[in-house]
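[1] Below is the structure, and that's it, no one-letter string:
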């Protein structure tokens, strides 16, 4: 199905306004057709018979036609703009919902800059197309057909010369449609790549400056800008050539009508008024043609945007609720991973037959070397990812049979990366205000719910930012806490403060703590050590693992040596 036709349902809520605007444009076109005919009447009847009263009446009628056309077209154009804006508003809502509910694998494949370009830039290109081109096409077609019909009736001698400009123009359209789309599609891809690059580079600018990589970033930006400059030149020169050829056809057509029409007037085969009507219609004919000339660039941009948006929406989430998805069953026995295999890349497996059991109310620490799959375990529990083999269970229920929102609502997650949004503390915590305030009080965070938070939480200390993420995880009082390096970014004093608060908050909750620093998991009921294959190498208390003298003991010795 044509990607532009797929957007037609977006206009359904405003069909009445759209229909009224279309009727208004058609009425304006009808009035526009009267102009040259009135000029012909004034010359051949009023002036020829020296009927000055009739000439005044014709002039007033001509003025009324002009003002009526102006008014109707003005109101209709405003209505079309409102209609197009409403349709694009609904499209942006649909796209954002699609992106928000997509799984993490999708966001791994698409940078945030590219997605922003599609949601914002591509929809703007479509809005211009609908407001300026597609919704105005019926009126332009009526104008062309109406002019040819009137000429065929009133001045058939001029019809071949006026209509003769259409075949060259159709050939030019065919050339333009063949040459221009690939260039604009390539240009849209270049713009999307540049937006993604700039977004990522600006986000890490302090790191680039610290590492002396700002010059490298500028050089990479210069390469992309140069590619965009060449792409812009190649893409936009095509409409320049096209428009100039259209103007050439118009000049030649006008010259032909004037020459042969004047000869016919001299022979008495045609009136002066009919010749003026033919020239007037020829001038009017090129108004929709020139609009189309200017808007073909808009059309090709929008067509490329529609293809990209269609591809985006066609990429459906792979992790979704099943038709009979069940609510949260409650955790009475254990969270289990049974013979779980997983790989981000088929050639590089991360988990190879992992078996892990976390009993209800148990506090388990998960440690291992980098790349052993510790954070992957959390992603599987939350259904951010799906195992390639094996099962993830809540008691005896496979998490794939549960509603995703119910599952994630009962698992509180705290990440190493602090993610705070501009707004208030309550905006960042979510939930009911009293529950949010209880979470703040439980962690001893001295911020009110209406405390303003700037982008990234830059007006807060590092400790306050990390504590807010803990409070966010506790707002809904989840029975399970998942901590992924949650205290690695704070100073020892803040970490001790957080650990003291967690000791109280963890009572009655199942907790899985992923950590590199072994001191973080020292007091857990059980510590599980993963090897490089993503399998359990050792399991036991801190004392038991130290006495075992295996991988955990070696990691502990290495960290204590670094601390010394």
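    Great, that's in hand. Every value quoted in this text rests on a predicted model; they were computed, and no experiment measured them. Residues are numbered from 1 along each chain as shown.
[2] And the strands in the stretch 401-550 of the chain?
    411-414, 423-424, 452-453, 480-484, 510-514, 526-530, 536-540 (DSSP state E, counting those that start in this stretch).
[3] Out of those strands, which gets nearest to residue 303?
    strand 423-424 (38.0 Å; CB to CB). Every C-beta, even on glycine, is put in place using the N, C-alpha and C of the backbone.
[4] elements contacting that closest one?
    Contact analysis of strand 423-424 by 3 or more CB pairs under 8 Å, 6 or more residues apart in numbering; DSSP states H and E lists strand 452-453 as its packing neighbours.
[5] What strands flank the strand it packs on, and is each parallel or antiparallel?
    strand 423-424 (antiparallel) (DSSP bridges).
[6] Quick one: residues in contact with the partner strand.
    Contact partners of strand 423-424, identified using CB atoms under 8 Å, 6 or more residues apart in numbering, comprise 449-453.
[7] Swap in 10 Å and give it another go.
    By CB atoms under 10 Å, 6 or more residues apart in numbering, the list of residues contacting strand 423-424 from outside reads 447-455.
[8] What average pLDDT does it get?
    Strand 423-424 shows a mean pLDDT of 87.
[9] Rebuild the strands of the stretch 401-550 of the chain as TSV, extending it with mean neighbour count and distance to residue 173.
    What follows is the strands of the stretch 401-550 of the chain, written out as TSV (neighbours: other CB atoms under 10 Å; distance: least, CB to CB, whole Å):
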stretch	mean neighbour count	distance to residue 173
strand 411-414	22	56
strand 423-424	14	51
strand 452-453	17	54
strand 480-484	23	58
strand 510-514	23	61
strand 526-530	23	64
strand 536-540	17	68
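[10] quick one, which of the ones you listed is nearest to residue 254?
    Per CB to CB, nearest to residue 254 of the strands of the stretch 401-550 of the chain: strand 423-424, 61.8 Å.
[11] Can I get the contacts of strand 423-424 in TSV including distance to residue 407 and pLDDT?
    As requested, the contacts of strand 423-424 are exported to TSV (distance: CB to CB, whole Å; pLDDT from 0 to 100):
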residue	distance to residue 407	pLDDT
447	30	82
448	32	82
449	27	86
450	31	86
451	31	87
452	33	87
453	28	86
454	32	84
455	30	77
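[12] Which of the residues you listed sits closest to residue 433?
    Closest to residue 433, out of all of the contacts of strand 423-424 and judged by CB to CB, is residue 449, at 5.9 Å.
[13] For the protein, which element, helix or strand, carries the lowest mean pLDDT?
    helix 492-505 (a mean of 68; mean pLDDT, DSSP states H and E).
[14] sorry, back to before: give me the ChimeraX select line for the contacts of strand 423-424, limited to the buried ones.
    Remark: buried members of those, expressed as a ChimeraX selection using 16 or more other CB atoms under 10 Å:
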select :447,451,453
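[15] Can you pull the poorly scored residue ranges out of the stretch 1-150 of the chain?
    1-2, 135 (pLDDT under 70).
[16] how about the helices of it, start to end?
    Secondary structure of the stretch 1-150 of the chain (DSSP state H, counting those that start in this stretch): helices located at 15-41, 52-100, 104-109, 112-116, 123-132, 137-154.
[17] pLDDT of stretch 554-564, averaged?
    For stretch 554-564, mean pLDDT rounds to 74.
[18] Without its sequence neighbours, what residue ends up closest to residue 213?
    Spatial nearest neighbour of residue 213, chain neighbours left out: residue 207 (7.8 Å); criterion: CB to CB, 6 or more residues apart in numbering.
[19] shouldn't that neighbour be in contact with residue 200?
    No - in terms of CB atoms under 10 Å, residue 207 does not count as a neighbour of residue 200; the distance is 11.1 Å.
[20] so what's the closest residue in space to residue 426 that isn't next to it in sequence up against?
    Leaving aside its sequence neighbours, residue 426 sits nearest to residue 449 (CB to CB, 6+ apart; 4.1 Å). Residue 449 sits next to 424-429, 433-434, 436-437, 440 when contact means CB under 10 Å, 6+ apart.
[21] Equivalent analysis for residue 521, please.
    Residue 521 makes contact with 363-367, 483, 513-515, 527-528, 542, 552, according to CB under 10 Å, 6+ apart.
[22] Please repeat the previous calculation with a cut-off of 6 Å.
    365, 513, 515, 527 (CB atoms under 6 Å, 6 or more residues apart in numbering).
[23] what's the answer for residue 41, then?
    Residue 41 touches residue 58, counting by CB under 6 Å, 6+ apart.
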